[in-house]
Structures are given as C-alpha cells and as structure tokens.
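Chemist: Sequence and predicted structure, then a few things I'm wondering about:
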Amino acid sequence: MPKVSVIMGIYNTNNKIMVKKAIDSIINQSFSDFEFIICDDGSSDNTYEIVKEIISNDKRCILIKNNRNMGLAYSLNNCLKIAKGEYIARMDADDISMLDRFEKQVKFLDNNPQYAIVGGNAELFNEEGTYSKRAMKEYPTKEDLLFGTIFIHPSIMMRKDILLKLNGYRAVKETSRCEDYDLWLRLYAHGYKGYNIQENIYKFREDINAFKRRKYKYRIDEAKVRYKGFKNLKLFPKGYIYVIKPLIVGLIPQNILAILRGENK
C-alpha cells in the first residue's frame, strides 16, 4: 500500500506544457511512496488523451474519468473511492509542488498525530512568472475561519481516515467554488485541527483567468456555506457579519483586492 494518495481533478485544458509541469512536480517528488489518482471531469477536448500520454511511463499514476462534467468535489470524491494511502494529498493541474513538499508533510503528520491536516505557504505566479507569496497562519483556529480559508487547498495533506469520517467533499451546488472552505468548516466543527508549514511548499497559479471565474453567484453560495459552517462551529452572533463578507467583497474589483492583499506586482 502506498503511504500517500495524491488526488487531482482536471477539466478541459489542452495546455500540455502546463499540465506536464504540474504532473512532473508530483512524479519527481523526493518522497516517492505514493499513488497519483487523476480524475478527468468529463472533458470535451483532448485533456484525457494529454494526461494519459504524460503518465504512461509511471505505474504510480492512475487516470479515471467522469461520464460528464460533475465538478471538482465530485471528482475528488471519485478519486477517494479508490485511494489506498494512509494520507491524502491534493494537487491542481495548473500549479506546481515544490520537490520536497511530500517529504516535509509526511514527516509532520507522522510526528504530530494530534493534527488532522497540514498545509503550507506558497509562491504566487502567473503567465509572467512569480509575483508574490501567500503566507498562511501557522496554527489556524476555528475563529480564523470567520475571515476565510485557512489552508491553500491544493497544498494540503490530510489523514484519509478523518477525511472519510467527514464523508469527503460535499458535492452540492453551494460548494462548487468553495468545497475546500466547506471542508475546513466541517473539519473544525468535529474538533480536528490543522497546521501550516511556514515554508513555500507550493507554487499557486493566480492569473487573470482565475479572477474571471469568480462570478458573483459563487459569492452567494459561499455565504450559504459560511452560515451553515459558522452555526455548527457556534460562531454566532459574531459570525453574522462575516456571513455577508463574500457578498461585499464580490463587489470590489479584483485588481483592487490584489492590492489590498499585498499581492500586486
């Protein structure tokens, strides 16, 4: 059995160079005891064939496919159904993992059984190169969830048994752009906690196309996720103002938000 199962969803990307960089950053990890499960989410282009060719020479890689486009949460749950590893690691098809990422995360989880999940900091990059960094709080608490996500989703590694206790990702309409945030809310509501390695273990693509995908309807869905999550975490009445936060933030232009976050060039 592999120590780690890496799960990744992919959909309609014919950028072979980008996808290959993402996959190679996993295949070439300094920690090699893993399986890499990739779920094509019913792509209508040649994404499936591109990935199949890239992974053809590595027996640790497994490619599956949804019959139709179902969304990231559904795809990740599909990967979980066949995952055999003790730990579950995430990866996205347009990002890059630092080559010692798994080595550091496995060591942390092995040595710190009190933590259910470990993430880390990341470099931010786009088509022009690295332009900033994103630092996450080292010891996130449930109160930190009021302000937003506490882990960079594709950077995390989590204990599979705990993820299964939570029934994996919640694949419903309201979590279609915040399936990770919903998971963190449920994770902490069940009394688990996580840690962020204070090093850049990941390279996160944040470009203009990512900004364009953030439609306002997803802000409304996030508000619903926040309400349910905060209620389970007993964060009301303080949490009420933070429930409507995504609705307000959604009205602010993305270039202004980038400046406010200190992530502009």
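Modeler: The structure has been received and is ready for your questions.
Chemist: Show me which residues of stretch 129-144 are buried.
Modeler: Residues of stretch 129-144 classed as buried: S132, R134, M136, P140, K142 (neighbour count, 16 or more other Cβ atoms under 10 Å). In short, each C-beta sits where N, CA and C put it, glycine included.
Chemist: Then stretch 192-208?
Modeler: In stretch 192-208, counting by 16+ other Cβ under 10 Å, buried: Y192, G194, Y195, N196, I197, N200, I201, Y202, K203, F204, R205, E206.
Chemist: pLDDT and distance to M98 added to those, as CSV?
Modeler: As requested, the buried residues of stretch 192-208 are arranged in CSV below (pLDDT from 0 to 100; distance: Cβ to Cβ, whole Å):
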residue, pLDDT, distance to M98
Y192, 98, 25
G194, 98, 19
Y195, 99, 17
N196, 99, 14
I197, 98, 10
N200, 98, 7
I201, 98, 5
Y202, 98, 6
K203, 98, 7
F204, 97, 11
R205, 94, 14
E206, 87, 17
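Chemist: Can you get me a residue count around K81?
Modeler: 10 (other Cβ atoms under 10 Å).
Chemist: which strands and helices sit next to the helix ranked longest in the chain?
Modeler: Counting by DSSP state H, the longest helix found in the chain is helix 216-232. Packing contacts for helix 216-232, counted by 3 or more Cβ pairs under 8 Å, 6 or more residues apart in numbering; DSSP states H and E, involve helix 179-189, helix 240-243, helix 245-249.
Chemist: A22 is nearest to which of those?
Modeler: helix 179-189 (17.6 Å; Cβ to Cβ).
Chemist: just checking, what packs against the helix or strand where N200 lies?
Modeler: Secondary structure assigned from DSSP states H and E places N200 in strand 194-205. For strand 194-205, the helices and strands in contact under the criterion 3+ Cβ pairs under 8 Å, 6+ apart are strand 96-97, helix 101-111, strand 117-126, strand 129-134.
Chemist: Parallel or antiparallel, which strands does that strand pair with?
Modeler: strand 96-97 (antiparallel), strand 117-126 (parallel) (DSSP bridges).
Chemist: List the buried residues of the longest one.
Modeler: Just to be clear, that refers to strand 117-126. I117, V118, G119, G120, N121, A122, E123, L124, F125.
Chemist: again with stretch 98-105
Modeler: Result for stretch 98-105 [16+ other Cβ under 10 Å]: buried residues M98, R101, F102, K104, Q105.
Chemist: which ones are touching the nearest residue to the first one once chain neighbours are set aside?
Modeler: To tie it back to what came earlier, the one meant is M98. Closest residue to M98 apart from its sequence neighbours, by Cβ to Cβ, 6 or more residues apart in numbering: I201 at 5.0 Å. Counting by Cβ atoms under 8 Å, 6 or more residues apart in numbering, I201 touches S97, M98, D100, R101, K104, Q105, G120, N121, A122, S155.
Chemist: I'm done for today, thanks for sticking with me.
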